[in-house]
Each structure stands twice: as structure tokens, then as C-alpha cells.
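Trainee: Output the structure for:
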Amino acid sequence: MVVFRIERRGGLPAYLQIVAQVEQALRMGALEEGDKLPTAAQVAASTKVNPNTTLKAYRELERSGLVEVRQGSGTFITRSLVTPQTAPESPLRTRLGEWMGEAHAQGLTALEVTTLFDAVLGENYPGTTAGPAHVPVD
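Mentor: Sure thing, here's the model as predicted:
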């Protein structure tokens, strides 16, 4: 289950933050084909956004072919974005997890890790920056 986090000062519209968080959860394997997304009312209750904002995000995801709206049943994931390199059991992800554990053990804060990651990301992928929002998953 995805827990959406809306950054109100980031400048990115809330519906695009929801889209980005679903896409990231799909890439990381936190959401899989057949999973049901929370209802617009549930998202509104947890994030304090208007239910129409969530519906707009879900329509965008539907246009992208990532979800299917089933009247009376909900919104369901129709395909995954996981690649072998990003799957939970992939060697790259395992090594990154080990690195994160080491960073934590050395006392780095989440902000310091994010800053370091963003710097190295920019060095290896010029012209890019980290995504709009991290996806907390329960």
C-alpha cells in the first residue's frame, strides 16, 4: 500500500506528486499488477487534498496505461515498471541498501544521504536531479 506524501511548498501540483509517487512505487516493486490503489476519499483524508485532485492523478495514470478504473470496485494497477535492475532482489538494489546501512551507521542523516546521492547522481547523469518526491511505503 502506498502512503502518499504531498509537499505543499515544492511547486509541483499535488496531482503530479501522486502520479510520480505511484510511478516510483511501480519502479521499485512496492506496487504490482493487480494491486488496488486507495480511494480518492482515503487519499483526501490522509493528505488533506481535494478528492478531485486524486481523481485527476488517477486519470493521468489511466491515460498512461498504468491503472484501470473499475466502476464500483476501485482503481487497480495494470502493469509494472520494475526492471531487473530495480527489482527488490537485484544486486544493484542490494548494494545500494548496504551503502545506505553504512551511511546510517556512520551517522549521516537522511538529508545528508539525499544530498550526497543527488550530487553523485548529477555527476553521473548530467542535467538531471532527483525526482519530485520520495515514496513512503507501508
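Trainee: Three-state assignment for the residue nearest to the spatial centre of the chain, please.
Mentor: Note on the chain: the residue nearest the mean C-alpha position is Gln21, at 2.8 Å, using C-alpha atoms, centre = their mean. Using DSSP: H, G, I helix; E, B strand; the rest coil, the secondary structure recorded for Gln21 is helix.
Trainee: gap between it and Arg70?
Mentor: 21 Å (C-beta to C-beta, to the nearest Å). (Each C-beta comes from the backbone N, C-alpha and C, glycine too.)
Trainee: same thing with Arg93?
Mentor: 32 Å.
Trainee: cool, and Asn52?
Mentor: With C-beta to C-beta as the criterion, Asn52 and Arg70 are 19 Å apart.
Trainee: list the contacts for Leu37?
Mentor: Counting by C-beta atoms under 8 Å, 6 or more residues apart in numbering, Leu37 makes contact with Val2, Val22, Leu31, Tyr58, Val67, Gly74, Thr75, Phe76, Ile77.
Trainee: now do Gly11
Mentor: So Gly11 contacts nothing (C-beta under 8 Å, 6+ apart).
Trainee: And Arg93 and Arg70? Which one has more around it.
Mentor: The neighbour comparison of Arg93 against Arg70 (other C-beta atoms under 10 Å) goes to Arg93, with 15 against 10.
Trainee: Alright, I will stop here.
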